[in-house]
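In: Predicted model follows, preceded by the sequence.
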Amino acid sequence: MTDAALTVNPAEPKPRVGQSPMRRAWLILSRDKAAIGAFVVLMVIVLACLAAPLYAKYVAKSDPFRSNLSGSIEIDGKAEKIMQASTTGLGLGVTPIGPTWHGQYMLGADNQGRDVAARLLYGGRNSLLISSAATLICLVLAATIGISAGFFGGWVDMVLSRILEVLWAFPVYLLAISLSIVLLSQTIVLGPIEISSGSLALPIVIIGIIFVPYIARPVRGRVLSLRESEFVLAARGLGIPRWRILIKDILPNVTTTLIVYIPIMMALNIVTESALSFLSIGVQPPEASWGTIIQDGQGLLYTRPMVALAPGIAIVLTVLALNVLGDSVRDALDPRTKMR
Amino acid sequence: MEKSANAPLLDVQGLSVSFATDRGRVKAIDDVSFRVEKGEILSIVGESGSGKSVTLLSLLGLNDPKTTFVDGSVAFQGKRLLELPDRALRRLRGKEIGLISQDPMTALTPVYTIGWQIAEQIRTHENVSKKAARLRAVELLASVGLPNPNEAVDRYPHQLSGGMRQRAVIAMALSCSPSLLVADEPTTALDVTVQAQVLDLLLKLRDEFGSAIILITHDMGVVAEVADRVHVMYAGRMVEKGTTTEVFDQPMHPYSWGLMASIPPLFGEKPARLPSISGMPPTPQQAPTGCGFAPRCRFARPECEARPPTRRDGDHSALCVLDGAERAAARRAVLGHEVDA
Amino acid sequence: MIFFATPGSDPAARIAGRNAAQETVQAIRKDFGFDKPLPVQYAIMMKKLFVTRDLTSFVNRGLEVVPQVMRAAPITLSLVFGAAVLWVFGSIAVGVLAAMYRDTVIDKGLMILALIGVSMPVFWLGELMNLVSQSRFHDTWLFSWVPGLGYKPFFDGPWMWFKTLVIPWFTLAALYIGIYGRVLRANLVEAYQEDYVRTARAKGLSPGRVMLRHALRMSMIPFVTMFGLDFGVLVGGAALLTEVVFGLNGVGRLTYQAMLNLDLPMILATVMYASFFVVVTNAIVDIIYVVIDPRVRGH
C-alpha cells in the first residue's frame, strides 16, 4: 500500500510537526486512562510503603521486627492474646491472631506474633527498592554492553555477544539460585566495601545481573541498525567524530528503547525477588520483603491464610499496574507499534 | 433492486469515506462518483495519498468497519453493496469482484502453495471437488502465461519471481471469472519489462473473460496504454473525469496539466528537467474545504476557497472554477502548444 | 559452570561437601583425577555420568546420583507436558478470541485476565490453589476429588496421576496462557494489516477461515519458537517453584536441593539432564519449523 491515507492509523493521535518523540509520548500517555490509573495505583502503593514507620508507630503500635509471642491486645473492650491456643487438630500449640480489621493487627499476626500489615508495608519498601535498584543496574549494564557491542563491533562484539549467549542459555531462575547460593554462603569483600550475606545488596545485584542479556541483545540490535542508518552514515560522511555520533544520535535513540523496558523490568524484578525470597535465598531475615512474608505464611496457609494472601495481592496489584503502564509506555514510544 | 439491461456494471454515487481519529472524523474520500461499464477499463490516477486505494477497498468492504465510515451509494449489478449484509458481500467478493494487489511479494500467504490458494477461492464459491479445483488452478495459471503450470501449482510464493507471482495473483483474481477486476497498482512493484507483460496480460484477459477492470495507478504511461476512460483523483476528490483521449488531449483541471507536463515527451528535444508540481498533497486531516489543489495551483484565486464547481464538456468534466477560454489560455501556459493541437 | 569456576577452592573439597573428612577429599581427588589435566578430568566425569553411572553424592552419604535424576524426570515431564497442552490450547483460544473481537468487551476482558495471569507469582497462585482445593473448599463437591499433595506415578493408576496433577497444571499454565495469549493477539492484529490477509478477505473467505487458516497459521511460526524455548527450560528444571508448592519431587526441586547443599555431582547430573532436554526441544522445534514454514525448506 503506498497510499498514505491507508497507513495512517486513524486511531492514533496525530503528532504535531516538530514535537520530540519523548514529548509526544508524554502527551499520548497523559491521555491514556489505563496508564493514569496504573500510575495512581502505583503511587498509592509506593506512598503507603514509604509511610511504613508511621503506620507501625501510630496505627499498628508494635515493632514489626520483634517477635511478640506473649502479648495481647484489646479489641472492642475484650483482651485477646496474640498467640491463641489452637482450636483445630489436637489443640496443641498456638495459632497467631487472625485479621482483626482494627488498627492493631489489622491483617493478623505471623507465627512470631508480628503485625502482618506493618510487615507488609516494610516488606513493600524492600521489594520496591530491590526491583528499582536491580532495574537500574540491569539497564546500565545492558546499555553499556549493548552499545559497546553494537557500536564498536569487531572482537568487542564477538566477546560480549558470546558472554551474553552463555548467560542466556542458562535458565534465569537456576542462574539466580546458583548465584544466590554462592554469594550468600560467604561475606564478599570488594576492596573497602564489605557485603555481608544478609545485605539487601545481594538480591539487588543478582536480580540486576540475570536479566541483562534480555535487554542487552535488543539494545545491540538497535545500535547495529542505527549505525547503518542513513543519518548516521551521513554524519560519518561529514566527518563528525564517532563519540559525537554516539552521544548525539545513538544514545537518544537507545534511551527510548530502554525507557520502554523500565516498567516491564520492574514488574519482572518484583516477581523474581519474591520467588528468591520465597525460596529463602533472597532477602534474609530479619529484613522482610513480600516474598519472605509469603514464605512466613506458608506454614500458616490453612489456618491464617491472610499472612500469605496479603503480600501476594500486593505483588499482583503492583506488577499488574507496572505491566499496564509498560504496555502504555511501549505503545506511546515504540514507533513500530505506532503503525498499527 | 431491479437489474436493468443498460445499467452500468458498477455505479458509485456520492461516496464519502472518513476515518475516526481521536480528533474527530477525518475525511479521506469526499463525494466521489463514477461508473464502470461492462468490459471497459477505467483508470483512476493520482499520487500517493489521494485516496485511490481507499475508494476501492471501501467498495469491497475491506476497510476496518470500526474506524471507517462509508457514505453514499454503490450499485454493483443492481445490488447495493454498502447496505449488503456481510455474508452476501462475501459471496460477491472473489466471485464477481476480483482484487489484484499492488505488491505480489506480500499478497499471497507464504505458507501455502499457489495452487492451494487458488483452489481455496474456487471452493469457497463453487461446490467442486478438490481435484477439479486444482485442475482449474492449473488451467488458470496456464492462461495467465505461467510456464509449466503443472509444476507451478505446487510452488510456494517465495519460489516464484515477482512477475510470476503477480501472474499467480491475477490468476487467483480471475479464478471465478469475475465481472469486475480491481487492480491496485498492479505493476508498481515490478520491473519495467515485466510491467509491460502484465499490462498486455490484463488487456488480453479483458478480451477473453470480458471482465471490466478498474486500474489504479499513478503511472500516466500505464493509463495511456490500456485505459478506456480516466478519472483523476486529488486529495480525496475526483478532479477530472473523461475518456483517455479527452483527458490526454484536452485536460481540464490544472492538476491534470501538471501530470501531463511531467510525462517526458516522446518526440523532439528532451527537456533538461521535467516540470514538477511544487509542494505536497494535503493529508486528509488538513484538506481545505475548498479546492484541495488550490495551495499548489498557479491559477488559484479567492473563489477557490469555496467548493469548486463542476465544469462539463459533454461527458468530460472537472472540478475547477476555470472555464472556457480562460481555461484554454491557462492550459496553453502550462503545456505549451503540443497537446493543444 | 559456576561451581567449578568459583575461585579459591579445591574441586575435590567441593564435591566432598561441607565438613568432609580429609580422607574423603583425598579419595575423591584420586577417583575423579583432579590431579590430572582438565580434559582428563572432564572425560572421567562424563564416564561416571553416562557409562558407569556410578557418580555418587558425597553430601548425601554415597547416594547414587543418576537413579535420583531418573526418578525425578517423569514427575517434571508429567507436570510440564500437561501444562504445555493447557497453555498451547488456552493461549490460542485467548489470542484468537481477543483478536477476532478486537476492541470489544471480550477483547478487553481477556487481555485483563491475561495480564493478571502474567502478574501472579506462580508460587503464590499455587498456594492460593492449595488453600482453595486442599483446605477451604476441600469438603465441598467442587474440590473433594483433589488428592493430597505429592506425585502418584502414571503406571500406578492413570486416573490418580491425572487428579494429582490437574491443579499444578493449571497453576503452571496460567502464566504462559497470559504471555502467549497476549503475544498471539498482537501477532494476529499485526497479521490483519498484512496484504495476504487482505487478499484472503478479498477472496470472499469467511472471517473464521481468514483468521484460522491465514492469520493464525502465519502467527504459529513465532509461536513455535517461543514455545520451544520455554518448554525446554521448564523441563530442564525451571518449573521449580510449582514443584515446591505442590510437593512434587521433580528435577527442579532436585537441582535446587543440590545447589543448597552444594552437592556438586548432583548439580552436574541435573545440569546435564537439563541441557539434554534443551537440545532435544531445539531439535524438535527445528523439525516443526521445516513442517510449518516452507520458506526454510530451501528452493
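Out: Cool, the structure landed.

In: Once you drop chain neighbours, what's closest to the residue in chain C that chain B sits nearest to?
Out: With C-beta to the nearest C-beta as the measure, C:Gly204 is the residue of chain C nearest to chain B, at 3.3 Å. All C-beta atoms are positioned from the backbone trio N, CA, C, and that covers glycine. Excluding the flanking residues, the one nearest C:Gly204 by C-beta to C-beta, 6 or more residues apart in numbering or on different chains is B:Gly94, at 3.3 Å.

In: So the one you found sits against B:His125, correct?
Out: Yes - contact criterion C-beta atoms under 8 Å: B:Gly94 and B:His125 qualify, at 6.2 Å.

In: what residues are shared contacts of these two?
Out: B:Cys176, C:Gly204 (C-beta atoms under 8 Å, 6 or more residues apart in numbering or on different chains).

In: between these two, who's got more neighbours?
Out: B:Gly94 (27 against 20; other C-beta atoms under 10 Å in any protein chain shown).

In: quick one: the helices in the stretch 1-150 of chain B?
Out: B:52-60, B:86-92, B:104-107, B:114-125, B:130-143, B:149-152 (DSSP state H, counting those that start in this stretch).

In: Most tightly packed of the ones you listed?
Out: When the helices of the stretch 1-150 of chain B are scored by mean count of other C-beta atoms under 10 Å in any protein chain shown, the highest mean neighbour count falls to helix B:52-60 (a mean of 25).

In: Report the distance from that one to the chain centre.
Out: Helix B:52-60 sits 9 Å away from the centroid of its parent chain (C-alpha atoms, centre = their mean, to the nearest Å).

In: Tell me how chain B divides into domains.
Out: B:10-227, B:251-265+B:275-340 (automatic domain parsing).

In: could I get these as JSON lines with mean pLDDT?
Out: Output for the domains of chain B, formatted as JSON lines (pLDDT from 0 to 100):
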{"stretch": "domain B:10-227", "mean pLDDT": "87"}
{"stretch": "domain B:251-265+B:275-340", "mean pLDDT": "79"}
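
In: Show me which residues of the stretch 1-150 of chain B sit near chain C.
Out: With C-beta under 8 Å from any C-beta of the partner chain as the criterion, the stretch 1-150 of chain B meets chain C at residues B:57, B:60, B:62, B:66, B:86, B:90-95, B:98-99, B:101-103, B:106-111, B:120-121, B:124-125.

In: where does chain A have its least confident helix or strand?
Out: None of the helices or strands of chain A scores lower by mean pLDDT, DSSP states H and E than helix A:4-7, at a mean of 36.

In: And the very next helix or strand once past that helix, what does it pack against?
Out: Sequence-wise, the next helix or strand downstream of helix A:4-7 (DSSP states H and E) is helix A:21-30. Secondary-structure packing of helix A:21-30 (3 or more C-beta pairs under 8 Å, 6 or more residues apart in numbering or on different chains; DSSP states H and E): helix A:306-333.

In: what sits against the residue in the stretch 1-150 of chain B positioned nearest to chain C?
Out: Residue nearest to chain C within the stretch 1-150 of chain B: B:Gly94 (3.3 Å; C-beta to the nearest C-beta). Counting by C-beta under 8 Å, 6+ apart, B:Gly94 makes contact with B:Gln121, B:Thr124, B:His125, B:Ser175, B:Cys176, B:Pro178, C:Ala202, C:Lys203, C:Gly204, C:Leu205.

In: With A:Ile137 instead?
Out: A:Ile204, A:Val205, A:Gly208, A:Ile209.

In: in chain A, which ranges drop under the pLDDT threshold?
Out: A:1-20, A:60-61, A:68-94, A:98, A:100-103, A:105-106, A:169, A:184-198, A:334-340 (pLDDT under 70).

In: What are the boundaries of the strands in it?
Out: Using DSSP state E, the strands of chain A run over A:72-75, A:78-81, A:83-85, A:94-96, A:188-190, A:193-195.

In: so where's the longest helix in chain B?
Out: Ranked by number of residues, the top helix in chain B under DSSP state H is helix B:192-209.

In: quick one: is that helix near chain A?
Out: No - Helix B:192-209 stays clear of chain A (C-beta under 8 Å from any C-beta), getting no nearer than 15.5 Å.

In: quick revisit: burial check on the residue of chain C closest to chain B, number of neighbours?
Out: 23.

In: if I look at it, how far off is C:Arg136?
Out: 54 Å (C-beta to C-beta, to the nearest Å).

In: In stretch A:275-291, which residues are buried?
Out: A:275-279, A:281-284, A:287-291 (16 or more other C-beta atoms under 10 Å in any protein chain shown).

In: could I get the helices of the stretch 1-150 of chain B as a markdown table with distance to chain A?
Out: What follows is those, written out as a markdown table (distance: least, C-beta to the nearest C-beta, whole Å):
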| stretch | distance to chain A |
| --- | --- |
| helix B:52-60 | 4 |
| helix B:86-92 | 20 |
| helix B:104-107 | 10 |
| helix B:114-125 | 20 |
| helix B:130-143 | 26 |
| helix B:149-152 | 27 |
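
In: Kind regards, and thank you for your time.
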